[in-house]
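J.: predicted model and sequence below, questions to follow.
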Amino acid sequence: MISLKAREAHPAGGKVTARTVLITGGNRGIGYALAEEFVAQGHRVAVTARSGEGPAGCLTVTADVTDGASLDAAYALIEAQLGPVEVVVANAGITRDTLIMRMSDEDFDTVVDTNLGGAFKVVKRATKGMLKARFGRIILISSVVGLYGSAGQVNYSASKSALVGMARSLTRELGSRGITANVVAPGFIETDMTAALPEEQQAEYKRNIPANRFATPSEVAKVVAWLASDDAGYISGAVIPVDGGLGMGH
């Protein structure tokens with residue numbers, strides 16, 4: 001069951017304005033944690049997924065962010081059930097890691113089309129309603145790799161770095177209409193992927209992180225939820241790292 005009732009306050013005690021929130025790739029990892037956080041704060045939450053389900057309390061819509069027709073259908077369903085999208089979090093992404101000499105054109109194009117092109121398609125469809133309402137929160141999930149770089153991730157790094165230019169261009173286009181656009185750049189996060197790494201490799205990664213640990217998905221989610229709040233209305237075009245200091249200075 002989808003609860004449309006807003007809570008009076010979030011756990012910190014501040015007021016929360018219930019919004020209609022769309023999160024892409026909300027069936028696992030960071031996207032799932034994002035959906036859980038927004039639901040907990042009393043928002044009306046929809047997630048897109050190519051397979052699987054989002055957490056309890058949200059609307060899961062099957063969609064492929066690279067397919068404009070499937071996104072049109074997803075938006076129609078979300079708006080019919082939850083209302084116009086006021087907060088969009090472009091989180092869906094993929095990797096196809098390999099050194100550049102081995103990276104095929106398809107490896108590069110597929111990652112960029114999903115991570116960058118998918119964000120563009122999702123955001124573009126949300127802006128019409130945001131402009132009409134003169135309110136909107138656009139949050140693009142990048143990565144520390146987008147600015148820090150990583151061997152074997154030319155495609156992924158390029159796609160995530162480009163989100164910064166997108167957010168800043170959106171800020172200049174839409175900022176006067178009450179719409180903000182920001183980037184959150186997570187570092188290493190506790191997910192099934194990092195848990196599967198050998199302990200020695202995990203320890204090596206942690207030695208390079210000043211905080212000496214990986215982040216939890218909920219730590220990323222709380223930053224994103226705050227950027228979507230009324231309190232963050234004067235922040236736009238920013239890159240907010242959630243990486244324990246790994247990429248500082250970049």
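T.: Thanks, I have the structure now.
J.: which one's the longest strand in the chain?
T.: strand 179-186 (DSSP state E).
J.: can you name every helix or strand that that strand contacts?
T.: Packed against strand 179-186 by the contact rule (3 or more CB pairs under 8 Å, 6 or more residues apart in numbering; DSSP states H and E) you find helix 118-133, strand 136-141, helix 154-174, helix 217-227, strand 239-242. C-beta here means a position set from N, CA and C on the backbone, and glycine is covered the same way.
J.: so what strands line up beside the second one?
T.: Looking at strand 136-141 with DSSP bridges, its partner strands are strand 87-90 (parallel), strand 179-186 (parallel).
J.: so for Leu163, which of those strands sits nearest?
T.: strand 179-186 (5.5 Å; CB to CB).
J.: on that earlier part again, mean confidence score for the longest strand of the chain?
T.: The average pLDDT for strand 179-186 rounds to 97.
J.: cool, stretch 39-46 as well?
T.: Rounded mean pLDDT across stretch 39-46 is 98.
J.: please state the offset of it from the chain centre?
T.: 15 Å (CA atoms, centre = their mean, to the nearest Å).
J.: from the opening residue of that stretch to its closing one, how far?
T.: 10 Å (CA to CA, to the nearest Å).
J.: least trustworthy helix or strand in the protein by mean pLDDT?
T.: Counting by mean pLDDT, DSSP states H and E, the chain has its least confident helix or strand at helix 192-195, which shows a mean of 76.
J.: contact partners of that one?
T.: Arg28, Gly29, Phe188, Gln202, Phe214 (CB atoms under 8 Å, 6 or more residues apart in numbering).
J.: do stretch 76-88 as well
T.: The set of residues external to stretch 76-88 that reach it, using CB under 8 Å, 6+ apart, is 2, 4, 19-22, 38, 43-44, 46, 59, 61, 75, 122-123, 126, 129-130, 132-133, 135-139, 228.
J.: show me what counts as buried in stretch 133-148.
T.: Applying a neighbour-count criterion of 16 or more other CB atoms under 10 Å, one finds 135-148 buried in stretch 133-148.
J.: just to revisit the earlier point, make JSON lines out of the helices and strands packed on strand 179-186 and add mean pLDDT.
T.: Listed next are the helices and strands packed on strand 179-186 as JSON lines, based on pLDDT from 0 to 100:
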{"stretch": "helix 118-133", "mean pLDDT": "97"}
{"stretch": "strand 136-141", "mean pLDDT": "98"}
{"stretch": "helix 154-174", "mean pLDDT": "97"}
{"stretch": "helix 217-227", "mean pLDDT": "97"}
{"stretch": "strand 239-242", "mean pLDDT": "96"}
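J.: tell me the most buried of those?
T.: strand 136-141 (a mean of 26; mean count of other CB atoms under 10 Å).
J.: any idea of the mean pLDDT in the next helix or strand after that strand?
T.: On the C-terminal side of strand 136-141, the nearest following helix or strand under DSSP states H and E is helix 145-148. What helix 145-148 shows for mean pLDDT is 92.
J.: then stretch 16-29?
T.: 94.
J.: how long is that stretch end to end?
T.: End-to-end distance (CA to CA), stretch 16-29: 25 Å.
J.: contact partners for the residue nearest to the spatial centre of the chain?
T.: Centroid check for the chain by CA atoms, centre = their mean gives Asn91 as the closest residue, at 3.1 Å. Going by CB under 8 Å, 6+ apart, Asn91 touches Ile23, Thr24, Gly25, Gly26, Ile30, Gly31, Leu34, Ile141.
J.: can you tell me which of the residues you listed are in helices?
T.: Counted as lying in helices by DSSP state H, out of those, are Ile30, Gly31, Leu34.
J.: distance check, Leu140 against Lys160.
T.: 9 Å (CB to CB, to the nearest Å).
J.: and for Gly29?
T.: With distances taken as CB to CB, Gly29 is found 15 Å from Lys160.
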